[in-house]
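Engineer: Any chance you can model this:
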Amino acid sequence: MKNPDRKTIAQLEELPNIGEAMAGDLRLVGINHPRNLIGKDPYKLYDKLCSITGKKKDPCVIDVFLSVVDFMEGGDAKPWWKFTAER
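Structural biologist: The predicted structure follows:
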């Protein structure tokens with residue numbers, strides 16, 4: 001698991017657990033920079049993504065959103081599946 005310095009992260013793809021597809025999903029919900037995640041509700045981001053796409057996404061997307069919000073708010077970089085129990 002990569003653990004970049006939050007101050008130097010400029011691209012969504014630099015975040016732990018975020019690849020091109022998930023970065024695209026974040027952009028769909030209005031998250032264009034990693035710092036835009038601070039203070040966001042991962043469950044609301046998930047609901048918005050489902051609404052925009054017109055499809056119910058896999059619940060693991062919530063886990064990914066939980067992981068990146070937690071990371072940007074100061075948490076350790078953890079694999080997304082560590083957040084499944086929280087969901």
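
Engineer: Please name the nearest non-neighbouring residue to Val68.
Structural biologist: With C-beta to C-beta, 6 or more residues apart in numbering as the criterion, Val68 has its nearest non-adjacent residue at 5.1 Å, and that residue is Leu15. For glycine as for every other residue, the C-beta is placed from the backbone atoms N, C-alpha and C.

Engineer: Check Ala23 too.
Structural biologist: Leu12 (3.9 Å).

Engineer: how near is that neighbour to Gly74?
Structural biologist: Distance, Leu12 to Gly74, by C-beta to C-beta, to the nearest Å: 18 Å.

Engineer: Between the two, tell me which one has more neighbours.
Structural biologist: Set side by side, Leu12 and Gly74 show more neighbours around Leu12, with 22 against 8, by other C-beta atoms under 10 Å.

Engineer: What values do phi and psi take at the residue positioned nearest the centre of the chain?
Structural biologist: Nearest to the mean C-alpha position of the chain, counting by C-alpha atoms, centre = their mean, stands Phe65 at 3.2 Å. The phi/psi pair for Phe65 (degrees, to the nearest 10) reads phi -60, psi -40.

Engineer: wait, it sits on Lys48?
Structural biologist: No - in this structure, Phe65 is not within contact of Lys48 by C-beta atoms under 8 Å, at 10.3 Å.

Engineer: Okay then, goodbye and thanks.
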